[in-house]
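> only the shape, not the letters, is given here:
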């Protein structure tokens, strides 16, 4: 097996362990939160480095996108589970 | 469905060509569809079927193991931003909560995988993926 194939296997295992290769429909809200948490962690790291402005903007934009997607996906999940919707609050 | 399409799964050539009947795994077992197009996503390739379903390459029978994946570092800012805008537009346009093979879920899955590879604290150069080989 080539080193390139080994790298892909390593990456694939990492994503599989994180539950991000095959996300079932009901897992999306949770997975978005988890990835958002990872991105926020990265943003925190970058805030300590004054010269990483471009990367910081990139992460911040991604966090913003994740938040927007999270709210839409959660709204869809709630619509799809009326029994939960009525049971909340 | 075009039942006369060539069937993929036992051939040595990869990827299959447009118009071929492919078999793929799903939560409800094996399914088939006619391949319309193959597109690179942020991490892996998606197989677009004639009926609009989007199937990741690694779920298609006959896919090499490991499949070709992209390196997260090779994604340009323009490509990432275009992907983000498309996702938000699709989300705001309405999401089908029942169809796992809808393009929105396929692209969201790749976006989450890409961000995780790009930003996770344990990343190393060797864990960033490999250059696509196909």
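Cool, the structure landed. Please read these numbers as outputs of a predicted model, since none were measured by experiment.

> what does the pLDDT read for the residue of chain A most remote from its centre?
Going by CA atoms, centre = their mean, the residue of chain A most distant from its centre is residue A:1, 30.7 Å out. Residue A:1 is assigned a pLDDT of 74 by the prediction.

> list the contacts of it.
Taking CB atoms under 8 Å, 6 or more residues apart in numbering or on different chains as the criterion, residue A:1 is in contact with residue A:9. Any C-beta I mention is one placed from the backbone N, CA and C, and that applies to glycine too.

> residue B:56 too?
By CB under 8 Å, 6+ apart, residue B:56 lies in contact with B:41, B:44-47, B:106, B:109-110.

> out of those, which are close to chain A?
Counting by CB under 8 Å from any CB of the partner chain, residue B:109 from the contacts of residue B:56 sit close to chain A.

> which helix or which strand is home to the residue positioned nearest the centre of chain A?
Compute the mean C-alpha point of chain A, and by CA atoms, centre = their mean the closest residue is residue A:35, 2.4 Å away. Here residue A:35 sits within helix A:28-46, counting by DSSP states H and E.

> give the next helix or strand downstream of that helix.
Counting by DSSP H and E, the next helix or strand C-terminal to helix A:28-46 is helix A:53-80.

> now that following helix: buried residues?
Of all the residues in helix A:53-80, those buried under the rule 16 or more other CB atoms under 10 Å in any protein chain shown are A:55-56, A:58-59, A:62-63, A:65-66, A:69-70, A:72-73, A:76-77.

> is chain B within reach of stretch A:34-43?
Yes. Residues of stretch A:34-43 are located near chain B by CB under 8 Å from any CB, namely A:35, A:38-39, A:41-42.
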